[in-house]
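S.K.: Attaching a predicted model along with its sequence, questions to come.
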Amino acid sequence: MTANPKLKDDITDQLFRAILSLKTEEECYQFFEDVSTIGELKSMAQRLEVARLLKAGVIYDDIVAATGASTATISRVKRCLYYGADGYKTVLARLEEDQADQNGV
């Protein structure tokens, strides 16, 4: 899927190149602490965890209990997970691959 033309512009391209230039988890912490608020970062992390749990078949009530996300957030993430640009699917698959590699599977 190609980039959404409503999002794509030179400064957003620059942001994504900056993110792709980060080499370590520590560099990510440093950059995202500077570029976003703690609340924004926590919200992104929460949405990724909601997507992971939805993909694993966890029900809404259990996701609310595990993450504190609202049912509206869970619904939005679910819509993106199944009908969006496949960003969640790509990242979750890569995280699973990394976990399998770390476990020697």
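M.R.: Noted; the coordinates are in hand.

S.K.: Quick check: the residue positioned nearest the centre of the chain vs D86, distance?
M.R.: With distances taken as C-alpha atoms, centre = their mean, L48 lies nearest the centre of the chain, 3.9 Å away. Here the criterion is C-beta to C-beta, to the nearest Å. By it, L48 lies 14 Å from D86. Placement of C-beta: from N, CA and C, glycine included.

S.K.: Please apply the same query to T73.
M.R.: As judged by C-beta to C-beta, T73 and D86 stand 19 Å apart.

S.K.: With neighbour numbers in mind, choose between the two.
M.R.: T73 (17 against 13; other C-beta atoms under 10 Å).

S.K.: ok, the more buried one - contacts?
M.R.: Contact partners of T73, counting by C-beta atoms under 8 Å, 6 or more residues apart in numbering, are 46-47, 50.

S.K.: can you rerun that using 7 Å?
M.R.: T73 sits next to 47, 50 when contact means C-beta atoms under 7 Å, 6 or more residues apart in numbering.

S.K.: what's the spacing between it and Q14?
M.R.: Taking C-beta to C-beta, one finds T73 at 28 Å from Q14.

S.K.: Repeat that for Y29.
M.R.: Here the distance between Y29 and Q14 works out to 20 Å (C-beta to C-beta).

S.K.: ditto for A65
M.R.: In terms of C-beta to C-beta, A65 sits 39 Å off from Q14.

S.K.: go on, V35?
M.R.: From V35 to Q14 the distance is 12 Å (C-beta to C-beta).

S.K.: repeat for A69
M.R.: Distance, A69 to Q14, by C-beta to C-beta: 30 Å.

S.K.: just T37 next, same as before
M.R.: 20 Å.

S.K.: Please apply the same query to F32.
M.R.: Distance of F32 to Q14, given as C-beta to C-beta: 16 Å.

S.K.: Many thanks, I have nothing further to ask.
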